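> Would you be able to build a 3D model of this:
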Amino acid sequence: MKRIIRLISVTVFIISLVIIYSGNLRAQTQRNPVLEEFTGTWCPWCPCGHVIMEQILAGMPNAIMIGYHGGGGGDPFQYFPGNQVVSLLSPPYWPSGTVDRTGAPNDRSTWSSWMNQRYNVPATVSIDIDHTFNPLNKEINATVDVTALQNLTGSYNVTLILLENGLVFSQAGNTSCQGGTNYIHKHVVRAMLNGATGEDLNNGNPWNQGQTITKNIQAYIPEEANPDSCELVVIVNKVQSPLYNAEIQQAIKKEFMDPNYKATISVVDQYYFGESSETAEYQVYVKNVGTLPDLYNISLSFEGPAGWSQTFTTMHGTFNIGDLDTMTINPGDSASVQVTVNANSVNGYGKSKIQFYSNHGTSGIAELMFTTFGLDILVVDDDGGENYEEYIQNELVNIGSEYGIITSDFIPANADSLNTYNIIIWNTGVTEPGISTDEMNALAAFLDNGGRLYLNGVDIAYQMADPSSPYYSTETMNFFTNYLHSSYILREHSATITTGIDGDPITDGLGNLTLVGGTGANTIDHSAGHYPNQIAAEGMYSADILYFWLKPDEHPGIRANHGASGKVVFTTFGFETISQEEKRTLFAEGIVEWLSNPVGVEDDQSGLSPASFKLYQNFPNPFNPVTTIKYQVSNTSPVLIKVYDIIGREVSVLVNEVKEPGTYQVSFDSKNLASGIYFYKMVAGDFISVKKMNLLK
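Numbering: from 1, shown residues only. Sure thing, here's the model as predicted:
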């Protein structure tokens, strides 16, 4: 009798365990319904879909929204790794969406009720994910554990998706569905990290309740994605065709960056401006602003002249470029890193980058700039913290100019050193005032001593020459008239296109410059009150270089000789707002070339011989498959231009003939060549010049 009782007791205990375990499984079965939406920046009805998604999230916080951009229309978010998923899900129109892949995509009016229905359907699997991220190479390594909550048959896939929030881009709309210029896009798919349909989990084998399958996924996030605003979504679906019938069993979402591991990097003085014999020292701080201690890897890189030397010093000692130091920093604490740069008496512009990263994905970079005196061109960054100087910097690189960059606050204290530069390019963006009194005085002295200036920005003319401006004074008016050689006409000109003037040495053949849209910075923005000012050339040594489209007597830019050897180019729009890259290149080339020519050389040089032989940088560069090479000939001479590959083999002869004095250009078609670095060489008498170009297919 006792034996029977013991057997019954054991049996009851085992049954109780099974019931308790199954109860725990059921506790994990709350479904996170998934709405996969098809949207586009070009779609005027899509903002209404976005509103419905936010309404669903307000009432169902665990819902997961996935926004696939597509359908063409110039949408910048439609080209993501794995975007074949859009065609596989077969949206009939935009916007439309499918819920948990339980039917074909449908109209937005069905989404809320469809999501509510799925919310009450228990999940059949549970999902867990851990991941690491290397911010230096953008590599993510994820471990996904999927556990069956009931016995399952058939084949199942797991898909890892990268989403990004807070992307600002224009959105079409209408009176019912409000779009806008600075529309904020959410739930944007940036990558299907393991393919458009994911990868197999169970190979079609029976998948028993409680069985966990682990998948390791290694991928790279796109360069354009910002990890700090990204999320990861994991979906597990049953394999079925078409894909919109491949029912999602469960999905989870997590922040891409772990909020427990966050850090910042800051620098006291980002720029150094001085003699090449001096040593620049920068103090950088890395601070742990997370909630847990973290281990940070510290390294230094450099872009700049050969012959410069750089080190960084931490609590562990001094390190060179290529070395790696590691530091553990507790929450709330900071660690100091000192960066030392020696120019070693070599003039130039160098950029050092001190960077940190941890295995938890947090990272940061501080850029440290050193500009020496004595360069050809000084770029003055006066745009209020924006990066607009990069637009002119890119063009100076393209045309092979020697330049440096410094912020405007260094100028007054170093006014006596400005004339060690031949040209100053001053970008003000939309700052107010564009030029301070001390900066104005420094520029006046620079021009009086024969300097050459290109000044550009919004509202400079208004600020200096309009009595209604809060920055107007007799001093600013004097500078505007006698140094910028301009007269002020109108603050807000409605045009957004300006045109080059035939025969002008800077803008002849330039055509139209569009000041909004494209790849420009859009600092001409009527909605923000930013218009180009209308001005006119003032004095016998000044000339207009541009006119507003279809208004040949209304101008936004001038050029002028100043004194015996000074020169000025002034535009009432920022260089950065020009929308077409190829126009920025031509305009920059024209400005630099004209400013570089001596005063006294006729402005209209179309009928004059070039002063010297010259081979220009090809454009575009990189290119595929055709690029243009410009060259000039100063006297009648045989001219030979050949193209060579990286090991010196001749691949093309572009020019082999006697040329009269003048400026020429020749096209190079590389359709039969492989990607890589090529060189082109010009020989004309004693003149020899070689330049490098990059074919990128």
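
> At which residues are the helices of the stretch 1-150 of the chain located?
2-27, 46-59, 84-89, 111-119 (DSSP state H, counting those that start in this stretch).

> Compare the mean pLDDT across these and name the weakest.
Sorting the helices of the stretch 1-150 of the chain by mean pLDDT places helix 2-27 lowest, at a mean of 30.

> In the chain, which residue is most central in space?
Of all residues in the chain, the one closest to the mean position by Cα atoms, centre = their mean is residue 224, 7.1 Å from it.

> Next, the nearest residue to that residue once chain neighbours are set aside: secondary structure please.
Leaving aside its sequence neighbours, residue 224 sits nearest to residue 190 (Cβ to Cβ, 6 or more residues apart in numbering; 7.7 Å). C-beta: built from backbone N, CA, C; applies to glycine. Secondary structure state of residue 190, per DSSP: H, G, I helix; E, B strand; the rest coil, is strand.

> ok, now which ones touch residue 190?
With contact taken as Cβ atoms under 8 Å, 6 or more residues apart in numbering, residue 190 is in contact with 77, 80, 162, 163, 164, 221, 222, 224, 225, 230.

> ok, now how distant is the residue nearest to the centre of the chain from residue 379?
26 Å (Cβ to Cβ, to the nearest Å).

> Name the surrounding residues that touch the strand or helix carrying residue 326.
Following DSSP states H and E, one finds residue 326 within strand 325-329. Strand 325-329 is contacted from outside by 263, 286-288, 293-299, 312, 314-317, 319, 335, using Cβ under 8 Å, 6+ apart.

> For that strand, what is the distance to the chain centroid?
30 Å (Cα atoms, centre = their mean, to the nearest Å).

> Check stretch 256-275 too.
Using Cα atoms, centre = their mean, the mean C-alpha position of stretch 256-275 is found 18 Å from that of the whole chain.

> do you know how far residue 478 is from residue 380?
For residue 478, the distance to residue 380 - Cβ to Cβ - is 21 Å.

> neighbour count winner among those two?
Applying other Cβ atoms under 10 Å to residue 478 and residue 380 shows that residue 380 carries more neighbours, namely 25 against 13.

> Checking the residue nearest to the centre of the chain next. Helix, strand or coil?
Here residue 224 is coil, with the state taken from three-state DSSP.

> need the contact list for residue 246.
101, 157, 197, 237, 238, 239, 240.

> what sits against residue 530?
430, 458, 459, 523, 524.

> which SS state does the second one fall under?
Just to be clear, that refers to residue 458. coil.

> which of the residues in stretch 328-343 are buried?
329, 331, 335, 337, 339, 340, 341, 342, 343 (16 or more other Cβ atoms under 10 Å).

> now do stretch 474-481
476, 479, 480, 481.

> So residue 590 is in contact with residue 509, correct?
No. The criterion here is Cβ atoms under 8 Å, and residue 590 misses it with residue 509 at 9.0 Å.

> Between these two, point out the one with more neighbours.
Taking neighbours as other Cβ under 10 Å, residue 590 and residue 509 compare with residue 590 leading, 21 against 11.

> And that one, which helix or strand is it part of?
helix 581-596.

> now that helix, how far from the centre of its chain.
23 Å.

> pLDDT (mean, whole number) over that helix?
95.

> next helix or strand past that helix?
Per DSSP H and E, the helix or strand that comes after helix 581-596 is strand 614-615.

> List the contacts of the helix or strand that that following strand is followed by.
Using DSSP H and E, the helix or strand that follows strand 614-615 in sequence is strand 626-633. With Cβ under 8 Å, 6+ apart as the test, strand 626-633 has contacts from 610, 612-616, 618-621, 639, 641, 654-655, 659-671, 680, 682, 684, 693.

> got it, and stretch 214-226?
By Cβ under 8 Å, 6+ apart, stretch 214-226 touches 80-81, 133, 137-146, 158, 160, 162, 164, 190-191, 193-194, 199, 201, 227, 230.

> and if you look at stretch 578-588?
With Cβ under 8 Å, 6+ apart, stretch 578-588 has contacts from 391-392, 394-396, 398-399, 506-507, 509-520, 575, 619-620.

> Repeat that for stretch 116-125.
Taking Cβ under 8 Å, 6+ apart as the rule, stretch 116-125 contacts 26, 28-33, 60, 63, 99-100, 102, 146-150, 152, 156, 236, 249-250.

> What residues of that stretch count as buried?
Buried residues in stretch 116-125 (16+ other Cβ under 10 Å): 118, 119, 123, 124, 125.

> How about the first one: what's its closest non-neighbour residue?
For residue 118, the nearest residue in space outside its immediate sequence neighbours is residue 33; the separation is 4.2 Å by Cβ to Cβ, 6+ apart.

> Would you mind confirming that the one you found is in contact with residue 61?
No. Under the criterion of Cβ under 8 Å, residue 33 makes no contact with residue 61, lying 11.5 Å away.

> Which parts of the chain belong to which domain?
Using automatic domain parsing, the domains assigned to the chain come out as 1-26, 31-255, 263-370, 373-596, 614-695.

> what is the mean pLDDT for the helix or strand harbouring residue 231?
For residue 231, the element it lies in under DSSP H and E is strand 230-238. Mean pLDDT, strand 230-238: 97.

> which residues of this protein score low on pLDDT?
Scanning the chain for pLDDT under 70 picks out the ranges 1-28, 600-611, 663.

> quick one: contacts for residue 643?
Contacts for residue 643 (Cβ under 8 Å, 6+ apart) come out as 650, 651, 652, 653, 654, 668, 678, 679, 680.

> So which residues of the stretch 351-500 of the chain form helices?
With helices called from DSSP H, counting those that start in this stretch, the stretch 351-500 of the chain shows them at 389-398, 437-448, 460-465, 474-482.

> Turn the ones you listed into a markdown table, including distance to residue 546.
Shown next, in a markdown table, are the helices of the stretch 351-500 of the chain (distance: least, Cβ to Cβ, whole Å):
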| stretch | distance to residue 546 |
| --- | --- |
| helix 389-398 | 17 |
| helix 437-448 | 21 |
| helix 460-465 | 14 |
| helix 474-482 | 18 |
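
> of the ones you listed, which approaches residue 184 most closely?
Among the helices of the stretch 351-500 of the chain, helix 389-398 comes nearest to residue 184, with 24.1 Å by Cβ to Cβ.

> Could you give the bridge partners of the nearest residue in space to residue 356 that is not next to it in sequence?
The shortest distance from residue 356 to any non-neighbouring residue, by Cβ to Cβ, 6+ apart, is to residue 296 (4.6 Å). Here residue 296 sits in beta bridges with residue 327, going by DSSP bridges.

> Pretty sure residue 101 sits against residue 245.
Yes. Between residue 101 and residue 245 there is a contact under Cβ under 8 Å: 6.5 Å.

> who has more neighbours, those two?
Neighbours per residue (other Cβ under 10 Å) separate residue 101 from residue 245, with residue 101 holding more: 22 against 14.

> what residues are up against that one?
34, 36, 89, 237, 243, 244, 245, 246, 247, 248.
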